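Colleague: okay, sequence plus prediction incoming.
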Amino acid sequence: MLEIKNLTVKVKNNTPILTDVSLSIDEGTCIGLTGASGSGKTTLIKSIMGMNSGDLEITQGQILLDGDNLLIHGAKERRALCGKTIGFIPQNPMTAFFPHAKMERQIIETLRMHTGLDKKQAYALAENVLRQVNLTDTKRVLSAYPGELSGGMLQRIAMALILGTKPKYVLADEPTSALDEANRDLLLELLRKYQKTAAILFISHDTEAMKALCPISHVMECGKIIETQATEQLFIHPQQPWTKRFAEAACHREEVNWKWTALN
Ligand SMILES: Nc1ncnc2c1ncn2[C@@H]1O[C@H](COP(=O)(O)OP(=O)(O)OP(=O)(O)O)[C@@H](O)[C@H]1O
């Protein structure tokens, strides 16, 4: 289980970014997390991964990975622990890859590090998982630098690495934000299957995706969790003003989509 207990993160000038945040994800579940832009969702994920910039500090709380408090480990040890057990699909996939190395090197090295495969076996696995995320021109993808691929392609490569390295936990930060509808549906289906043997924290503003994947969702505002409900209920009986506005906007979008589909 990955447990966040009473986590508080501040900028070093003392401005709080997260205040007393608690949540947990357990094997076989996908937990949703939504909230206003700037409410602290990405900071929460970066705090778990030990990726916050130096001007932020965790002033209170615990991050327990299978009972082991990550915060007592040094940065290097912590990254190793996280790298093995926690997979990450970043909101901005460009930041996930080193810009000056070809994808082949980055993908093969990552797969070898986590699976112990030799180079040839890792190459075959890379091709296999790239095809699973609908990147069928594997030669082109592997010979490209990250800057030569689209954001949506890089997001799918991050998912392919998860399929190849099989982490027990996945932190997915708006993983469908750069995808067209067909690839969004494919990624959601892959996450839905993956979740059977793993635990996923799914950050999203995509209400349909949240309803399809997450039995329970949390809502964040101004660095705090303001509401937690069964996801279906969250959009039918939202309790907090932000959630009410969000649910109304989602309902309006669904109506527009429905009318548009009917017209066409
Ligand atoms: N290093 C930093 N120094 C100062 N403020 C920061 C730093 N990192 C993040 N913040 C602030 O913390 C708040 C939360 O940012 P965060 O990126 O976690 O929000 P978010 O909920 O993921 O937003 P979005 O939905 O737009 O991605 C924002 O106001 C942001 O400006």
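Modeller: It's in. Residues are numbered from 1 along each chain as shown.

Colleague: can you give me the neighbour number for the closest residue to the ligand within the stretch 51-200 of the chain?
Modeller: In the stretch 51-200 of the chain, the residue found nearest to the ligand is Ser53; the distance is 4.3 Å by C-beta to the nearest ligand atom. Every C-beta, even on glycine, is put in place using the N, C-alpha and C of the backbone. Residues contacting Ser53 under the criterion other C-beta atoms under 10 Å number 8.

Colleague: my guess is it is in a helix, correct?
Modeller: No - for Ser53, which was evaluated using DSSP: H, G, I helix; E, B strand; the rest coil, the result is coil, with no helix membership.

Colleague: now the strands: where do they sit in the stretch 101-250 of the chain?
Modeller: Using DSSP state E, counting those that start in this stretch, the strands assigned to the stretch 101-250 of the chain run over residues 169-173, 199-203, 216-221, 224-230.

Colleague: to Ala101, which of those lies closest?
Modeller: Among the strands of the stretch 101-250 of the chain, the nearest to Ala101 by C-beta to C-beta is strand 169-173 (22.6 Å).

Colleague: partner strands of that closest one and their direction?
Modeller: Strand 169-173 sits in its sheet next to strand 86-89 (parallel), strand 199-203 (parallel), going by DSSP bridges.

Colleague: those strands: lowest mean pLDDT?
Modeller: Among the strands paired with strand 169-173, strand 86-89 has the lowest mean pLDDT, at a mean of 91.

Colleague: name the residues that touch that one?
Modeller: Here strand 86-89 makes contact (C-beta atoms under 8 Å, 6 or more residues apart in numbering) with 2, 45, 48-49, 65, 96, 155, 158-159, 161-162, 165, 167-173, 175.

Colleague: ditto for stretch 43-52
Modeller: Counting by C-beta under 8 Å, 6+ apart, residues outside stretch 43-52 touching it are 2, 4, 7, 9, 17-18, 21, 33, 56, 58, 63, 70, 75, 78-79, 82, 86, 88, 171, 173, 201, 203, 220, 223.

Colleague: and the ligand, which of the residues you listed reach it?
Modeller: Applying C-beta under 6 Å from any ligand atom to the contacts of stretch 43-52, one finds that Ile17, Leu56 fall near the ligand.

Colleague: mind checking which of the contacts of stretch 43-52 are buried?
Modeller: 2, 4, 7, 9, 17-18, 21, 33, 56, 58, 63, 70, 78, 82, 86, 88, 171, 173, 201, 203, 220, 223 (16 or more other C-beta atoms under 10 Å).

Colleague: where does the stretch 151-264 of the chain dip in pLDDT?
Modeller: 253-264 (pLDDT under 70).

Colleague: please enumerate the helices of the stretch 101-250 of the chain.
Modeller: Using DSSP state H, counting those that start in this stretch, the helices of the stretch 101-250 of the chain run over 103-115, 119-132, 138-142, 151-165, 181-194, 207-213, 231-236, 241-263.

Colleague: would you turn those into JSON lines with mean neighbour count and distance to Gly28?
Modeller: As requested, these are arranged in JSON lines below (neighbours: other C-beta atoms under 10 Å; distance: least, C-beta to C-beta, whole Å):
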{"stretch": "helix 103-115", "mean neighbour count": "18", "distance to Gly28": "21"}
{"stretch": "helix 119-132", "mean neighbour count": "17", "distance to Gly28": "21"}
{"stretch": "helix 138-142", "mean neighbour count": "17", "distance to Gly28": "31"}
{"stretch": "helix 151-165", "mean neighbour count": "23", "distance to Gly28": "16"}
{"stretch": "helix 181-194", "mean neighbour count": "16", "distance to Gly28": "11"}
{"stretch": "helix 207-213", "mean neighbour count": "19", "distance to Gly28": "13"}
{"stretch": "helix 231-236", "mean neighbour count": "17", "distance to Gly28": "16"}
{"stretch": "helix 241-263", "mean neighbour count": "12", "distance to Gly28": "26"}
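
Colleague: adding distance to Ser37, write the ones you listed out as TSV.
Modeller: Shown next, in TSV, are the helices of the stretch 101-250 of the chain (distance: least, C-beta to C-beta, whole Å):
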stretch	distance to Ser37
helix 103-115	29
helix 119-132	31
helix 138-142	31
helix 151-165	18
helix 181-194	20
helix 207-213	16
helix 231-236	18
helix 241-263	11
